[in-house]
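In: Kindly return the folded structure for what I paste below:
(chains A and B, ligands or ions: 2)
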Amino acid sequence: MNDVMIEARDLNKAYGPVHALRDVNFEIRKGEVLGFLGPNGAGKTTTMKILTCFIAPSGGTAKINGADIFEQPIEVRKSIGYLPESTPLYPEMLVLEYLEFIARMRGFRGDEVKKRIRTAVEQTSLGDVISKEIRALSKGYRQRVGLAQALIHEPSILILDEPMSGLDPNQASEIRNLIRSIGRERTVILSTHNLAEVQVTCGRVLIIANGRIVADDTPDDLRDRAGQASYIATVASPESGYRDAKFETQVSEALTQISRVKTVKKAEGDTSDELQFHVLPKDNHDVRADIFKAAVDGGFVLLGLEKTSEDLGAVFRGLTTGDVSESTAGSRKSKGDADAHAANEERASQADSDENTSEES
Amino acid sequence: MQNTLTIAGRQFRSFFNGATAYIVMAIVLMVLGFFFWQTFFLFGRATAREMFTWLFRILVFAVPALTMGLIAEEKRTGTIELLITMPVTDAQVILGKFLGVAGLYGIMLLLTLAYPMSISTLGNLDWGPVWTGYVALALQGAAMVAIGLMASSFTDNQLVALFIALTINLFFWMISLFLPLLPSELASIFEWISFNYHFDSMTRGVVDLRDVLYFLSVAAIALMVAFRSLESRRWR
Ligand SMILES: Nc1ncnc2c1ncn2[C@@H]1O[C@H](COP(=O)(O)OP(=O)(O)OP(=O)(O)O)[C@@H](O)[C@H]1O
Ligand SMILES: [Mg+2]
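Out: Ligands and ions are numbered 1, 2, ... in the order given. All right, here's what the predicted structure looks like:
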């Protein structure tokens, strides 16, 4: 039994002089939820348009559920439910009318149409707006209509281009659960800029930059590549409201002297009463005990000590802003690169797990 | 086939969801009424021929208004992507759109039947040329709808599509006016190309197979070009 649902081979796409995809290769199996991650203009949407046979690649090909995108486009589209970027819908139609139209396009007739619509409407909690005009819906509801549309024929493959954009946190978590439950037996590809999103929703991440795949891994492994858990030590100021540069240096040195600590940096986030230091250990050691001892020995007061593991953002930035031409598509060789970038990461003190790489958020 | 009809049905209904269908039909009927009754009261005559001539002229402008958004608007809003990624071929999309407008056009023609009917109450009406006139309008409509659809497939701007379709329609109409200026061999070719030549012979009561083929070929060519133009997105 072969459960490879999507197989992309050497996909290339040139829009005139713009080379949007270069030798993109990947395979996606049944039961995988794959996060397609990359900065603006990386080629995520282009890849999805190729997989749904909206556009043709300039080179290479892909097989969806065994059907070739060039030879059997109709078969390909039958097995895919697709939510295009920015959720295009007919504004003048009622939600119900629209879903009826889609159900009929998907080949359903009679009672089956109603049944399918009912299921999709339940899955996306659209019940309240079913007889509203689409133009009157909020962005989040439109997004859900788009999702309902993609789900109506219970496709074996779901391709969702930025499905979470415009959803409030409650809706987002509902949709996330929906995607995860669908992903158990079927296959989902979703694109996003949001790292936190990928971590919660996806079992696997493809990172794409400048039209090349620069990483293909699980979110956890990817984070491990950054390698380094790090610690934020909050230290009380010797005198309230007074910044003492000498004291800062003193603490910093005391922490650096810990044998298992690699680097210590002054972190942002001081108040007048406390100073924060970012401590990066060697080889992922847990250095909390060492820090505590250093505080006692050095005679300064430790107010807080926190472990931060959110370094996926660093990996992401490393992979997508680094010298992309060196890393080859689909390879996992870029590890060294990622480590280097992560270690050099200036803003290493980011503990915010909702860290988002996109500009708009 | 089913998908083609589903697309046609959605397109047809969308004209009524917005105000487009009502506005265009009202304008066509009112303008037609204006010219029709004007000739009636001024000259004391109103013939079916007269009506067809006016209807032809009005439709040259009205059809592009119906067709301009067909594909251009779907491109602008991006819905074309959802439509095409349904299990349909590009040809089915084009054909469905064509049939959707053709349906509306047909209804418009039915409404204009009010005029020949009112003539027949005022005096004797020879229904023969009326029926052939409607055949002419139907064929003319097929050609103009196809041309409008083609124009709409070239752009994502409705107004540009309107302009292109109008220009083509006016060209096929107006060339007949410039025939006297052309050398005679060219003149006969241009005369044959023009809409009027084929249209007029039918409103006189004769349905010639060659005229029918002329309109059907124009429609077929325009639909082919529209298909190619829609398909070309794949390679750009
Ligand atoms: N129709 C087009 N014509 C020309 N260039 C295009 C076209 N569509 C995309 N591109 C270019 O191809 C590249 C990849 O675009 P794509 O839309 O796939 O990126 P993306 O990863 O989806 O970005 P985003 O996160 O902004 O949605 C970009 O450089 C873009 O400018
Ligand atoms: Mg995109």
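In: Near ligand 2, which residues of chain A are found?
Out: Contact residues, chain A versus ligand 2 (Cβ under 5 Å from the ion): A:K44, A:T45, A:E85. To be clear about C-beta, it is placed using only N, CA and C from the backbone, and glycine gets the same treatment.
In: which helix of chain B spans the most residues?
Out: For chain B, the longest helix by residue count, based on DSSP state H, is helix B:127-153.
In: list the buried ones in it?
Out: B:129-130, B:132-137, B:139-153 (16 or more other Cβ atoms under 10 Å in any protein chain shown).
In: is the helix or strand harbouring A:I50 up against chain B anywhere?
Out: A:I50 belongs to helix A:44-51 when elements are defined using DSSP states H and E. Yes: contact of helix A:44-51 with chain B (Cβ under 8 Å from any Cβ of the partner chain) involves A:K49.
In: okay but A:K139 is in contact with A:G166, surely?
Out: Yes: counting by Cβ atoms under 8 Å, A:K139 does reach A:G166; the two are 3.9 Å apart.
In: More neighbours: which of these two?
Out: It is A:G166, of A:K139 and A:G166, that has more neighbours when counted by other Cβ atoms under 10 Å in any protein chain shown, with 18 against 13.
In: residue boundaries of the strands in chain B?
Out: Read by DSSP state E, chain B holds no strands at all.
In: Residue numbers of it in contact with chain A?
Out: Going by Cβ under 8 Å from any Cβ, the residues of chain B near chain A are B:2-3, B:6-7, B:10, B:13-14, B:17-18, B:77-82, B:84-89, B:233-236.
In: Of these, select the buried ones using a PyMOL command.
Out: The buried subset of the residues of chain B next to chain A, as determined by 16+ other Cβ under 10 Å, is captured in PyMOL by this line:
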select buried, chain B and resi 3+6+7+10+13+14+17+77+78+79+80+81+82+84+85+86+87+88+233+234
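In: Next step: the residues of chain B next to chain A restricted to helices.
Out: B:2-3, B:6-7, B:10, B:13-14, B:17, B:77, B:79-82, B:84.
In: among those, which one has the lowest pLDDT?
Out: Here the lowest pLDDT out of these sits on B:N17, with 83.
In: Show the pLDDT at residue 161.
Out: No chain specified, so I'll use chain A. 95.
In: Oops, wrong one, chain B.
Out: 96.
In: What of A:Y98?
Out: In this prediction, A:Y98 has a pLDDT value of 96.
In: Kindly report the same for the one 10 residues further on.
Out: Looking at A:F108, its pLDDT is 95.
In: likewise the one 4 residues further on?
Out: The score at A:E112 is 95. That number is its pLDDT.
In: how far away is it from A:R106?
Out: 10 Å (Cβ to Cβ, to the nearest Å).
In: more crowded one of those two?
Out: Neighbour tally, A:E112 and A:R106, criterion other Cβ under 10 Å: the higher count belongs to A:R106, 22 against 12.
In: Count the neighbours of the residue lying closest to the more buried one once chain neighbours are set aside for me.
Out: Residue nearest to A:R106 in three dimensions, not counting chain neighbours: A:H153, with 4.2 Å by Cβ to Cβ, 6 or more residues apart in numbering or on different chains. Using other Cβ under 10 Å, the number of residues around A:H153 comes to 21.
In: backbone phi and psi for A:H153, please?
Out: phi -100, psi 20 (degrees, to the nearest 10).
In: residue contacts, it?
Out: A:H153 makes contacts with A:K78, A:G81, A:A103, A:R106, A:G107, A:F108, A:R116, as judged by Cβ atoms under 8 Å, 6 or more residues apart in numbering or on different chains.
In: Of these, which is the most crowded?
Out: A:G81 (27 neighbours).
In: need the helices for the chain, in chain order.
Out: Let's take chain A. A:44-51, A:73-78, A:95-105, A:111-123, A:139-151, A:169-185, A:195-201, A:219-226, A:245-256, A:288-298, A:312-321, A:335-344.
In: That was the other one, I meant chain B.
Out: Using DSSP H, the helices assigned to chain B run over residues B:2-17, B:20-43, B:48-67, B:72-77, B:79-84, B:90-112, B:114-122, B:127-153, B:158-174, B:184-193, B:195-203, B:209-231.
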